[in-house]
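Asks: give me the fold of what follows.
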Amino acid sequence: MTTPRLVILDRDGVINEDAEGEYVKSAEEWIPLPGSLEAIARLNRAGHRVVIASNQSGLARGYFDIEALNGIHEKMQRLLAETGGGIDAIFFCPHSPRQRCECRKPKPGLLEQIAQRYRVDLSRVPVVGDKRADLEAARAAGAQPFLVRTGYGEKTLRALGDFDGVTVYSDLAAFTDAWLAKPE
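Replies: Numbers count the residues shown, from 1 in each chain. Alright, predicted model coming up:
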């Protein structure tokens, strides 16, 4: 396995506004967070592939269908293209928590799928999220967890407990600044 320049992001609360207690159910409801699209474009320009790993249980719950989800992702890619960026791949778990699948974060299944697809050792790959499940999945997969304060990040930070050592950034742009400044 190799270590390509790869960054894994959660979607809701990291790239776009999270619909607190609701779900982002349509392209119209998908609103990028300030600076997030530009941050992804900067990662791309620096030679990083950016991949999304996202729980999307709204599919199993019937809140939206695959066409709506595809519409959300098409809008995201279109807006990213306008900033000079793009997402290399989108991995998502369509299951509800009751289905007890292996791909729903906090389990590492989605991240393991990414590692397999990209033939990458996750030990040097950052996973950026706003929820404890993102951090737990990253740790379980052997990746590097990072927390942003956007979305549910502030609530997560207050409840972290045993996640000492997780680096916290104000948002995706701040993570990107730090990640691109670190020596390789």
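Asks: for this structure, where's the lowest mean pLDDT among helices and strands?
Replies: Using mean pLDDT, DSSP states H and E, helix 153-158 stands out as the lowest-scoring helix or strand of the chain, at a mean of 92.
Asks: keeping just the C-alphas, turn that one into PDB.
Replies: Extracted C-alpha coordinates of helix 153-158, given in PDB (Å, rounded to 0.1, in the frame of the first residue of the first chain):
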ATOM      1  CA  GLY A 153     -18.200  20.400  16.200                       C
ATOM      2  CA  GLU A 154     -18.700  22.700  19.300                       C
ATOM      3  CA  LYS A 155     -21.100  20.100  20.900                       C
ATOM      4  CA  THR A 156     -18.600  17.300  20.100                       C
ATOM      5  CA  LEU A 157     -15.700  19.300  21.500                       C
ATOM      6  CA  ARG A 158     -17.600  19.700  24.800                       C
END
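Asks: contacts for that helix?
Replies: Counting by CB atoms under 8 Å, 6 or more residues apart in numbering, helix 153-158 makes contact with 13, 130-132, 135, 147, 149, 168, all of which sit outside it. For every residue, glycine as well, the C-beta is placed using N, CA and C.
Asks: next one: stretch 166-184
Replies: Here stretch 166-184 makes contact (CB under 8 Å, 6+ apart) with 7, 9, 14-15, 33-36, 38-40, 42-43, 46, 126, 128, 135, 145-150, 153, 157, 160.
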